[in-house]
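Novice: Kindly generate the corresponding structure for this input.
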Amino acid sequence: MDFTWKGSVALSDAASDVARMKQEEGPALVTQGSTELIHTLLKNDLVDEITTFTFPIVLGKGKKLFDDGVEPAAFELAASRVSPNGIVIAKYIREGAVKTGDFAMDPPTAAEVARREKVQREG
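Specialist: Just a heads-up that it's a prediction; the model follows:
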């Protein structure tokens, strides 16, 4: 099989092939645009880093990044930026086991306090 991109590798069994390649010396492994491969890698806990690009446009229902069967995993935001045209780029790195808890922002903003008070008054 001939690949046009230097360093490309054909995968026969994605999970086992990627697990093996992660143990070898070499550059970081990158996948782009293949949700089926990402789902397989996430199901097998083989993803160390995720970079998302959120575009300010809706084109339809799209594809799920996190599909059914994906094992729970914690990621930490390592970097983020917004492009001049509104694309949000966020880099997450693997953090370990999932931690549960309260994700409310403390202290609440003035607008949030006003919203809560309104809900209390009006029900």
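
Novice: sec struct for residue 19, please.
Specialist: helix (DSSP: H, G, I helix; E, B strand; the rest coil).

Novice: pLDDT score for it?
Specialist: Looking at residue 19, its pLDDT reads 94.

Novice: now residue 105
Specialist: On the pLDDT scale, residue 105 gets 68.

Novice: Measure how buried the nearest residue to residue 40 once chain neighbours are set aside is and give me the count.
Specialist: In space, and not counting its chain neighbours, residue 40 is closest to residue 14: 4.7 Å by CB to CB, 6 or more residues apart in numbering. Just so you know, the C-beta spots here come from the backbone N, C-alpha and C atoms, and that holds for glycine as well. Residue neighbour count, defined by other CB atoms under 10 Å, stands at 19 for residue 14.

Novice: Mind giving me the packing neighbours of the helix or strand of the chain with the lowest mean pLDDT?
Specialist: Of all helical and strand segments in the chain, the minimum by mean pLDDT, DSSP states H and E falls on helix 35-43, at a mean of 88. Applying 3 or more CB pairs under 8 Å, 6 or more residues apart in numbering; DSSP states H and E, one finds that helix 35-43 contacts helix 14-23.

Novice: one step back: contacting residues around the helix or strand following the least confident helix or strand of the chain?
Specialist: In the C-terminal direction, the helix or strand that comes right after helix 35-43 (DSSP states H and E) is strand 49-54. Applying CB atoms under 8 Å, 6 or more residues apart in numbering, the external contacts of strand 49-54 come out as 65, 75, 78, 87, 88, 89, 90, 91, 92, 93, 94.

Novice: tell me what the longest helix out of those in the chain is packed against?
Specialist: The single longest helix within the chain, with elements called by DSSP state H, is helix 110-122. The criterion is 3+ CB pairs under 8 Å, 6+ apart, and there are no helices or strands that helix 110-122 contacts.
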